[in-house]
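Peer 1: Any chance you can model this:
(chains A, B, C and D)
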Amino acid sequence: MSLTLEVRDLRTHFFTRAGVVKAVDGVSFTVARGKVLGLVGESGSGKTVTGFSILGMVDEPGRITGGSILFQGRDLATLSEEEMRHLRGNRIAMIFQDPMMTLNPVLRIDTQMIETVQAHEKTSREEARQRSRDALGMVGIASPDERLKSYPHQFSGGMRQRVAIAIALLHRPDLIVADEPTTALDVTIQGQILAEVQKLAANTGTALIWITHDLSVVAGLADDIAVMYAGRVVEHGLVDEVLDRPLHPYTHGLIGSVPSRNKRGEPLRQIPGMTPSMLALPQGCAFRARCPRAADECLVEPELRTILPGRQVRCHRPHL
Amino acid sequence: MMMKPIMAVAACFGLLCAEARAQNLTMAVGAPVTSLDPHYHQLSPNNAASDMIFDRLVDTDSRSRNIPGLALSWTTVEPNVWEFKLRPNVRFHNGNPFVAEDVAFTIARLPNVPNSPSSYAIYARPITAVEVVDPLTVRFRTTEPYPLLPLDMTNVRILNRATHERSTTDDFNAGRAAIGTGPYRVVSHRMGDRIELERNDTYWGERPAFGRVNYRMITNDASRTAALLAGDVDVIDQVPTSDLARLRTDQRVTLSEIVGLRLIFLGLDFARPAGENSPFVTDNNGQPLGRNPLQDVRVRRALSMAIDRRAIVERVMEGAAVPASQFLPEGTYSHVPDMPPTAYDADGARRLLAEAGYPQGFRITLAGPNDRYINDARIIQAVGQMWTRIGVRTTVEAQPWTTFVARAGRADFSAFLIGWGSNPDGSHPLRNILATVNRDRGWGASNRGRYSNARVDELTLQSLSELNDARREQILIQAQRLAADDVGVIPLHIQTNIWATRRGLTIAARADELTRAQDVRPAAAR
Amino acid sequence: MSLYLLRRLIQAVGVMAVMSLIVFLGVFAIGDPVDILIAPDADQIERERAIIALGLDKPLWMQYLVFLGNALRGDLGRSFVFNEPALQLIMGRMPATLELALGATIMAIIIGLPLGLYAGLRPNGAISKAILAISILGFSLPTFWVGLMLIMVFAVQLGWLPSTGRGETAMLFGLRWSFLTQDGLAHLIMPATNLALFKISLVIRLTRAGVRETMLMDYVKFARAKGLSPARVTFVHVFKNILIPVVTVVGLELGSTIAFSVVTESVFAWPGMGKLIIDSINVLDRPVIVAYLMTIVLMFITINLIVDLTYSFLDPRVRLESKG
Amino acid sequence: MSTTALPAPAPAPPRVETPFRRFVSEFCESKVALGALVVFTLIALAAIFAPWISPQDPYDLGVLDIMDGRLEPGSVGATGITHWLGTDDQGRDMLSGIIYGLRISLIVGAGSAIIACLVGASLGLLAAYAGGRTDGAIMRLVDLQLSFPAILAALMILAFLGKGVLNVVIALVIVEWAYYARTVRGTALVERRREYIEAAQCLALPTHRILFRHLLPNCLPPLIVVGTMQVARAIALEATLSFLGLGVPITEPSLGLLIANGYEYMLSGKYWISFYPGIALLITIVSINLVGDQLRDVLNPRLKK
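Peer 2: As a prediction, this is how the structure comes out:
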């Protein structure tokens, strides 16, 4: 099993006027070829920043301050912007959350696809167009020739996301970072897209990082799962194992709040409290204040420990 | 070795340029010429342009005294017949000879220029017939003895019947018909921008100094001065007083000045009778007074005495004016002698006000234009300061001429500043400003204060049929003195007309404000 | 499309009728042209003759009807002052103003867009801040003052450029243009700069604001994630999106420059329409004012039409058929 | 809350971020903008308290004396006042004139810009939102307005209403509103195609709510750009009108009128008559715009993370 991506102790900090925001603070995980990693967490937990860090697209005032991102053995954190650019959209692609906003409204679909092809390969326009057409076909868009000549606003949301996915697939990348790509879509379309992405990943050997806050999405899709809280991975393992037997109290709470897992008639369980401000994280475990199992020892920050085979957790008092 | 011919060529070229520069004259005037038709629109800039192209029977010198022009002499052969002897051997630019027939044609044309916004017809109106005695003698017949006819003729530029029989104003503006007997001929005309002229080498009079003239219109005062300082133009007129201090000391510039014929004065409300309110006069609390204090000669005198004319001339006009007591400057026909400008006497003014029943003064609004006369808006503020100091609290209201003149014409104001450019004859301001408004006589057309004095009217009428110049002058002086004693208007100052030329040139400054190329000469040739 | 144009045309005619009515009433309210035009020593008889000669003796409504009747035949009247058909007068002055306005607009775009782009892409850089600060100077001082300063420095002190006037012209399409000769171009530089200052600032600021916003849009991030070069991201993805406000304002400004070049033209003695209109307003030369305004309205409507058409070209979401 | 955890000895109690505090602290992020705000506040205070701080009442003709006219900076006039910035041609103390002039200029500039913005933006939004005949009518009105020279408009107002500061404001509003309308419409036309407007329409929200709560905020950035510039433009336009004799009354000069008056003396080296008012105008406009720039950046929802 070869690793496509190995993130080790990644730190991405934002240097704002109010202080340093450690949006990603010591995150580690791996994704193997053809596998899907679900990166799960509440909004503000740092999962999106992790995704952008991998693509080398962290905007000011943020920057990667430590750790390594090994992509097929090369450390992305050390590459120049130009080298990074050649990987982006080519070997590593990204799919964004809001399909309404990801396509440039004033450019035709063909322009936006062809430029992607030509950004990384010296091909003729005609050939690039051919590739684009094929990619549209691949994601299930009918009459791609016609659709190429359209503008984004002439598509529905689901169709636009398919276009975005088609763009991501143009160069048959080795890694796709998908940032909540189905959140904005309705459930039936969400299902279709999930199924197609899964099929593609399996067929092409593309590794996939699926960023989401929705455990139910990951359940059917991912191989591995990494749960993030306040900029750190708090639990990492195979998807079935984590979902069946969450070790971290936060993961536990998350699973408890998924509607389908609750019994009918019972009130939904919620994690009490709010996501802490990233500017003023409490000392010790960041989850301490909301944790039903918190104790004195939680005032000391826990390490990510391997406590079961293939299972890592960052907690002094895991559910064992 | 190659250097020599090049330098020689360069030297030649330099000489040529110097020669060309000596031959060329660029003038910038502040008021746009609106037509080259000499009978289309009575307007100083147009008259100046016409003066370069056409001639008048009676010319005027720089101090506006009549001198022979196309006529060599004139006299009354009968009380109501004037005879003019014409200058022989004068030719129009196109070679046609100038003869008496052309005078008859010109007089006939004056009332018949279509669409004219202000025609020259008034100069033809007293004339009942033009008789061509011989090619060089012409007689004008009038209904009554008419002493002003030679003066009227200074306003009429002579055209050629053969050339201009069918010419329209458009033909003149296009330059096609701009053919006269004058010192310059038109090369091209771009309306509102420039006129290009070239010397008429067959001119009967003194040969103009410059072969080609570029007559440009630069209406913005500061830009006009800047153009002179930048060396882009050789002569400018209407030098702004604010630039005088600098230009007087600038080695590159020569100034030419002459006291003009334009009086700046204050008009007062005589339209409302003594027992009525004047629209812009109130008591000190802003309440109506119930009477018009301006009908009281003591109040008028007080207002005049309160004004420090010397201060206005020195501080506001920067010396470009002389304090005045009357319309015509010293040395002009019918100037009233021994009548100095009212002396500044604030205490005396306060006493007079108290005598008239206003020991605490009153409030008044002084109106005036802000784009018409030199420093007009500044002058009314200065007068406002002075009046306020004697207890007449003054509000100053300056506005563009367009709105001002309409209101002044309706006698809307209680006190206002205005100017009057006179012909050098006392009857001119008397008839237009001081005479009672009378449509049939055509009097008081510019009497915006509605001043009225029967004795002044009577004397004015008398002067208009008196052919003896000396007797006439006495009548005019008497009438003007009466009106001045009555404070019919409050004279402030007579403007000085100022031109600036680059050093090495000189221009004969003219009292009538006209800027003409033939008046410019190299300084050495003076 | 042609229906759309037709409708705009009909609206234009309506606007022009309204405009002419306003001018008739306005000029009537301001004052009487005869008061201003007539020689001070003209008597009442001469005055009445002039009133008849200018057609001002009839009641205002009748004057307006006469005007409308003539206007339908393409005759907007003759200038009171110049005795020339007003329209011909304006057309004669138009090239001068047009080249001044175009010169200024081109300067604004050539200078403003790149500086605005730069300032938008590096919002926190020292150069960007300097650009922004200096751009404020461009519209802080009154035009007439800046104009005189330009003349003082470049004509009087340095002697580099001619102080005023239009200079030599050459004929093209039967009209006189000064940008075709070297002398003419030298005369054009200062007044065009004077007019352009405000516009340059405006373009800089609009562009900067647009770029800053657009840079944060998802589609720009997505474009970067596609691995596009920064140049392509900036000049295709960002640029095309900021063009709408820029085109709107530059279009508007072109119009208003033509309409309001009054001050610059008078300071630089530039014989254009602006100088003509201020002179005409000063003497209440109504036919010229009316004809001028109708010309300007027509021009504005044309420019706005072009701007609107450009919208749909620039942004596929704006559709002509969805508008009235 | 947990039962077992000890009260957390947090390193610093997290500040309560009310929107206003957040706004203030974000605004203060730029030292330049903060400085500009301080300068502008001083200017505004000077304008408000003009009668108490200026050495002379420059509007009272009775205390002016033309014999004190055009004194150089630092001269002592006949009344014993030291004229630190010199005097103008009427003997008006320039410092006093500038302080009072600021007042007029701010009223004229800000007043007309605000009113014109309210009128123009509303009409522009309505035009873009309603489309059809409404759009056509409003936009033709805009065409009409934009082509109508400010000078003629001002002259007409002068003829109808007479002179005065308020009338200048009215003239400027009449001239300026169309700019706002046109600018807002351009942006709003794009924005109204966006889905959130459709959503709002589906919810059957009242039109004014859609216009002002949904459409307007998204058209705000270009509007603020144009708006802060139009304040400057209004002040400059007032100066131009004054230059042409159509502005405020000459005895109550604004900064623009002071500049226009002194303009004629520039060539003869009496720089102070227009230079100091020019500097005052420059500082005012620069500070307004720096504040405006920062406001725009802070208020712009899209520039926030």
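Peer 1: Every contact and neighbour count from this point should use C-alpha atoms.
Peer 2: Will do.
Peer 1: what's the neighbour count on residue 78?
Peer 2: Unless you meant another one, I'm taking chain A. Applying other Cα atoms under 10 Å in any protein chain shown, we find 13 other residues in the vicinity of A:T78.
Peer 1: that answer is for a different chain, and I need it for chain C
Peer 2: 21.
Peer 1: Distance-wise, check it relative to chain B.
Peer 2: Using Cα to the nearest Cα, to the nearest Å, we find C:R78 at a distance of 9 Å from chain B.
Peer 1: Could I get the phi/psi values of that residue?
Peer 2: Dihedral pair for C:R78: phi -110, psi 140, per degrees, to the nearest 10.
Peer 1: what separates the nearest residue to it once chain neighbours are set aside from A:L238, distance-wise?
Peer 2: Nearest residue to C:R78, sequence neighbours excluded (Cα to Cα, 6 or more residues apart in numbering or on different chains): C:P85, at 4.2 Å. To A:L238, C:P85 is 90 Å away according to Cα to Cα, to the nearest Å.
Peer 1: Now do the strand or helix carrying A:L136: everything it contacts.
Peer 2: Element membership for A:L136 (DSSP states H and E) is helix A:125-138. Helix A:125-138 has contacts (Cα atoms under 8 Å, 6 or more residues apart in numbering or on different chains) with A:110, A:113-114, A:117-118, A:143-145, A:148, A:162-163, A:166-167, A:169-170.
Peer 1: Thought C:E265 was touching C:R166, still the case?
Peer 2: No: taking contacts as Cα atoms under 8 Å, C:R166 lies outside contact range of C:E265: 10.0 Å.
Peer 1: got any residues that touch both of those two?
Peer 2: Overlap of the contact sets of C:R166 and C:E265 (by Cα under 8 Å, 6+ apart) consists of C:P271.
Peer 1: Pick out whichever of those two has more residues nearby.
Peer 2: Comparing C:R166 with C:E265 by other Cα under 10 Å, the one with more neighbours is C:E265, at 29 against 24.
Peer 1: Without its sequence neighbours, what residue ends up closest to the more buried one?
Peer 2: Per Cα to Cα, 6+ apart, closest to C:E265 is C:K275, 5.7 Å.
Peer 1: Same check on A:A166?
Peer 2: In this structure, A:A166 finds its nearest non-sequential neighbour in A:A135, 5.1 Å apart by Cα to Cα, 6+ apart.
Peer 1: Helix or strand for residue 219, just tell me which one.
Peer 2: Answering for chain A, as no chain was given. helix A:215-221.
Peer 1: sorry, should have said chain D
Peer 2: Element membership of D:C219 [criterion: DSSP H and E] is helix D:216-243.
Peer 1: Tell me which residues are up against the helix or strand just after that helix.
Peer 2: Along the chain past helix D:216-243, the next helix or strand (assigned with DSSP H and E) turns out to be helix D:255-263. By Cα under 8 Å, 6+ apart, the list of residues contacting helix D:255-263 from outside reads C:142, C:145, D:88, D:97-98, D:101-102, D:104-105, D:235-236, D:238-240, D:242-243, D:247-248, D:250, D:270-275, D:277-278, D:280-281.
Peer 1: Stretch D:105-120 near chain C at all?
Peer 2: No: using Cα under 8 Å from any Cα of the partner chain, stretch D:105-120 stays clear of chain C, coming no nearer than 11.8 Å.
Peer 1: Of all the residues in that stretch, which ones are buried?
Peer 2: Residues of stretch D:105-120 classed as buried: D:105-117, D:119-120 (neighbour count, 16 or more other Cα atoms under 10 Å in any protein chain shown).
Peer 1: tell me the mean pLDDT over that stretch?
Peer 2: Throughout stretch D:105-120, pLDDT has a mean value of 88.
Peer 1: just to revisit the earlier point, what is the helix holding D:C219 packed up against?
Peer 2: helix C:126-140, helix C:143-150, helix C:182-215, helix D:94-130, helix D:165-191, helix D:255-263, helix D:272-299 (3 or more Cα pairs under 8 Å, 6 or more residues apart in numbering or on different chains; DSSP states H and E).
Peer 1: Okay, angle between the fifth one and helix D:216-243 too, please.
Peer 2: When you say that, I think you mean helix D:165-191. 150 degrees (axes from the mean of the first three to the mean of the last three Cα atoms, to 10 degrees).
Peer 1: anything in helix D:165-191 near chain A?
Peer 2: No: figure legend: helix D:165-191 not in contact with chain A (Cα under 8 Å from any Cα); closest approach 10.4 Å.
Peer 1: tell me the mean pLDDT over that helix?
Peer 2: For helix D:165-191, mean pLDDT rounds to 83.
Peer 1: Do any residues in that helix lie close to chain C?
Peer 2: Yes: using Cα under 8 Å from any Cα, helix D:165-191 reaches chain C at D:182-183, D:186-187, D:189-190.
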